[in-house]
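Engineer: here's my sequence, what's the structure:
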Amino acid sequence: MSLARKAFAELLGSLLLTATVVGSGIAAQRLTTDHGLQLLENSLATGAVLIALILALGPVSAAFNPVVTLVERAFGALTNREAATYIGAQILGCSLGSVVANIMFDLPAINLSSHVRDGGGLWTGEVVATFGLVLVVFGVVRSGATAMVPFAVGGYITAAYWFTSSTSFANPAITVGRPPSDTFAGTAPASAGPYVRMQLAGRALAIG
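Structural biologist: Okay, here's the model as predicted:
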């Protein structure tokens, strides 16, 4: 299977994943002012779409996350060229996903977020969220239950929305893709860098 086809699957999956994260956040804000319900709606939509996308695109490529791709590279499953191509596609897809979500809800295509997310508690939450995600993905694969990965990932992310202080981004591409939307799931550009660094730290701990 060609690298271009795999990269396109990564781009498409990342776009639809981010469109779901951002779009469901916008819908939740419009449906209710209760923050708990907003988070519930956002988390259920995200977990459900992860299951669907991994099942649909898994036969081609379905990481949708530079952290997962980097761990695969560390374990020797990918070459440097493949990893770099996938990560580029994931970042582009996530950035386009925010734009698509904005347009669907009649908002400006690019509207930089003012939602600042910083502080030690939130950063620790991202380390924990990313560590747990890598543990779940590769733990399930190594157990021989590869067919259950979509459900394990969807379930973990849905739960991690609630048990982590950061609401579990656990994905550098989505973190970079959220700033163009000044909505419920948006993130101020200045907050993206620290989140990505904590995600990479969680990846390193999980590899260990």
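Engineer: contacts and neighbour counts: CA atoms only from here.
Structural biologist: Noted.
Engineer: next secondary structure after the biggest helix by length in the chain?
Structural biologist: For the chain, the helix with the greatest residue count under DSSP state H is helix 3-31. Next along the chain after helix 3-31, taking DSSP states H and E as the criterion, comes helix 35-57.
Engineer: show me what that next one is packed up against.
Structural biologist: Helix 35-57 sits against helix 3-31, helix 149-163, with contacts defined as 3 or more C-alpha pairs under 8 Å, 6 or more residues apart in numbering; DSSP states H and E.
Engineer: what angle do it and helix 149-163 make?
Structural biologist: When axes from the mean of the first three to the mean of the last three C-alpha atoms, to 10 degrees is applied, the directions of helix 35-57 and helix 149-163 differ by 160 degrees.
Engineer: from the chain's centre, how far out does helix 35-57 sit?
Structural biologist: Taking C-alpha atoms, centre = their mean, to the nearest Å, the mean C-alpha location of helix 35-57 is offset from the chain mean by 11 Å.
Engineer: likewise stretch 144-155?
Structural biologist: On C-alpha atoms, centre = their mean, the centre of stretch 144-155 falls 16 Å from the chain's centre.
Engineer: mean confidence score for that stretch?
Structural biologist: Throughout stretch 144-155, pLDDT has a mean value of 97.
Engineer: do the same with stretch 4-20
Structural biologist: Across stretch 4-20, the per-residue pLDDT values average to 98.
Engineer: quick one: contacts of it?
Structural biologist: With contact meaning C-alpha atoms under 8 Å, 6 or more residues apart in numbering, stretch 4-20 is reached by 45-46, 49-50, 53, 57, 60-65, 85-86, 89-101, 174, 177-178.
Engineer: buried stuff in that stretch?
Structural biologist: The neighbour-count check on stretch 4-20 (16 or more other C-alpha atoms under 10 Å) flags 6-20 as buried.
Engineer: then stretch 68-88?
Structural biologist: Quick answer for stretch 68-88 (16+ other C-alpha under 10 Å): 68-73, 78, 82-88.
Engineer: ok so, going back, nearest to residue 131, of the helices and strands packed on helix 35-57?
Structural biologist: Ranking those by proximity to residue 131 (C-alpha to C-alpha) places helix 149-163 first, at 11.2 Å.
Engineer: residues of that closest one that come out buried?
Structural biologist: For helix 149-163, by 16+ other C-alpha under 10 Å, it's 149-161.
Engineer: got it, and stretch 166-182?
Structural biologist: Neighbour count says stretch 166-182 has 166-182 buried, by 16+ other C-alpha under 10 Å.
Engineer: same thing with stretch 190-203?
Structural biologist: 191-192, 194-196, 198-203.
Engineer: re the thing from before, quick check: of the buried residues of helix 149-163, which lies closest to residue 26?
Structural biologist: Among the buried residues of helix 149-163, and counting by C-alpha to C-alpha, the member closest to residue 26 is residue 161, at 16.3 Å.
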